[in-house]
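Asks: Coordinates for the following, if possible.
(chains A, B and C)
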Amino acid sequence: MSAARIPATTLRPVARSFFARPVLDVARDLIGCVLVHDSADGRVAGSIVETEAYGVDDPGSHAFRGPTPRNAPMFEAPGRAYVYFTYGMHWCFNAVTDRTGVPGAVLIRAVEPIEGIDLMRARRLSGAKSPRRGVRLRDLARGPARLTQAFGIGPEHNRTDLTRPPLFIGMGERFPDDAVRATPRIGLGAAQDGRRWRFVVSGSSYASGPSSRSG
DNA sequence: CAGAAGATCATCT
DNA sequence: GATGATCTTCTGT
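Replies: Numbers count the residues shown, from 1 in each chain, chains lettered A, B, ... in the order given. Next up is the predicted model:
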């Protein structure tokens, strides 16, 4: 199933109250929303097709063992970005959720490109060490680190307000529940807690496919 | 201060 | 399916 195209001119950011909710609710509802980034080079936008929730009870959350300099944004106000560096070369982008003081964040794992595809492709190619062939459309922003590269998101966006340009989340299509696959990433009992769940638009080729065996 | 692990990706077999 | 790249962050001593 392919996400509907939403004219960028009609995009309106979601309200801050959208983010000030339990992380699982936000992660679920971000599916179908539109991630937008305006820069000097132009606008890129994509429909969110894959998210992952990191809540207070998740041992895999950066915030599980309390605040540190890195994870501080997770404890701060909802509706802002938490951007961190990992594996020596990648940046990952999260939306901070829940109340101030309650650490929660949604990792944006993949989007279906809507606008600025040439710019995304240029950014993805510019990072290559050796000349590479053009990145396939479906691979432009499939994966959290590919996404940040395609969107030009980096450390300068840590704590950015996601309810207004230049980097914001716009209201988008509401996918019905049976079109969204929800997978617990930890134990089976995770369903009742604010633990790690991954939400994916079922059948979207712009998200990690069901073939992804690791989990 | 040293060591290990990491919310990943591209490339190779 | 396996592996190297590359370096920050955190933990323990």
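Asks: Going along the chain, name the strands of chain A.
Replies: Applying DSSP state E to chain A gives strands spanning A:34-39, A:42-54, A:81-86, A:90-96, A:105-115, A:167-170, A:180-184, A:197-201.
Asks: Spell out whether the second one and DNA strand C are in contact.
Replies: No. Using CB under 7 Å from any atom of the strand, we find that strand A:42-54 stays clear of DNA strand C, coming within 13.9 Å at best. Any C-beta I mention is one placed from the backbone N, CA and C, and that applies to glycine too.
Asks: Summarise which helices and strands that strand is packed against.
Replies: helix A:23-30, strand A:34-39, strand A:105-115, helix A:117-126, helix A:144-151, strand A:197-201 (3 or more CB pairs under 8 Å, 6 or more residues apart in numbering; DSSP states H and E).
Asks: Pipe these into JSON lines and attach mean neighbour count and mean pLDDT per row.
Replies: JSON lines is the format used below for those (neighbours: other CB atoms under 10 Å; pLDDT from 0 to 100):
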{"stretch": "helix A:23-30", "mean neighbour count": "24", "mean pLDDT": "97"}
{"stretch": "strand A:34-39", "mean neighbour count": "22", "mean pLDDT": "98"}
{"stretch": "strand A:105-115", "mean neighbour count": "25", "mean pLDDT": "98"}
{"stretch": "helix A:117-126", "mean neighbour count": "16", "mean pLDDT": "95"}
{"stretch": "helix A:144-151", "mean neighbour count": "23", "mean pLDDT": "98"}
{"stretch": "strand A:197-201", "mean neighbour count": "23", "mean pLDDT": "96"}
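Asks: For residue A:168, find the nearest of these.
Replies: strand A:34-39 (5.5 Å; CB to CB).
Asks: just the CA coordinates of the closest one, formatted as PDB?
Replies: Taking Å, rounded to 0.1, in the frame of the first residue of the first chain, the C-alpha atoms of strand A:34-39 are listed here in PDB:
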ATOM      1  CA  VAL A  34       4.800  13.900   7.200                       C
ATOM      2  CA  LEU A  35       8.300  14.800   8.100                       C
ATOM      3  CA  VAL A  36       9.400  18.100   6.500                       C
ATOM      4  CA  HIS A  37      12.800  19.800   6.400                       C
ATOM      5  CA  ASP A  38      13.400  23.100   4.700                       C
ATOM      6  CA  SER A  39      16.900  24.300   4.000                       C
END
